[in-house]
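K.L.:
only geometry, no sequence info:
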């Protein structure tokens, strides 16, 4: 048994465009996180290389700088899958006046587990 990236036939390349007016760190972080995802999910080396190349091409088509992509791919390839899984799952919420209170309570609950 092995695992790989699944893509629906209806999938469209909707990755953030390289010329958009998003903060600069997104153009490094999004490719790296996607390459890490491929590294974590693909269990066979030849499939992993193929999926990393496909992901690289998706970003290139969307106008991302090749040097930034190569660096992100290199960093992701050299991380063990275990490291990519140890970072945890982010909890994203809408901002409100209760956000800090929610954060404190969640941290207390998670610390007790």
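P.N.:
Received the coordinates, thanks. Only a predicted model underlies this, so the values are computations on that prediction, with no experimental measurement involved. Numbers count the residues shown, from 1 in each chain.

K.L.:
give me the distance between residue 50 and residue 18.
P.N.:
Going from residue 50 to residue 18 by C-beta to C-beta, to the nearest Å gives 23 Å. C-beta: built from backbone N, CA, C; applies to glycine.

K.L.:
can you get me a residue count around residue 42?
P.N.:
Residues contacting residue 42 under the criterion other C-beta atoms under 10 Å number 20.

K.L.:
with residue 43 instead?
P.N.:
When neighbours are counted by other C-beta under 10 Å, residue 43 comes out with 12.

K.L.:
please tell me how far it sits from residue 9.
P.N.:
Note on residue 43: its distance to residue 9, by C-beta to C-beta, is 23 Å.

K.L.:
where are the low-confidence patches of this protein?
P.N.:
For the chain, applying pLDDT under 70 flags the ranges 81-91.

K.L.:
switch the cut-off to 90
P.N.:
Judged against pLDDT under 90, the low-scoring parts of the chain cover residues 1, 76-113.

K.L.:
what's the spacing between the residue most central in space within it and residue 6?
P.N.:
Centrality entry for the chain: nearest residue to the mean C-alpha point is residue 33, 2.4 Å, by C-alpha atoms, centre = their mean. Distance, residue 33 to residue 6, using C-beta to C-beta: 18 Å.

K.L.:
could you do residue 69 as well?
P.N.:
Noted for residue 69: a distance of 22 Å to residue 6, by C-beta to C-beta.

K.L.:
higher neighbour count, the two?
P.N.:
Comparing residue 69 with residue 6 by other C-beta under 10 Å, the one with more neighbours is residue 69, at 22 against 7.

K.L.:
what's the strand or helix carrying that one packed up against?
P.N.:
Assigned by DSSP states H and E, residue 69 falls within helix 66-77. With contacts defined as 3 or more C-beta pairs under 8 Å, 6 or more residues apart in numbering; DSSP states H and E, the packing partners of helix 66-77 are helix 26-41, helix 45-61.
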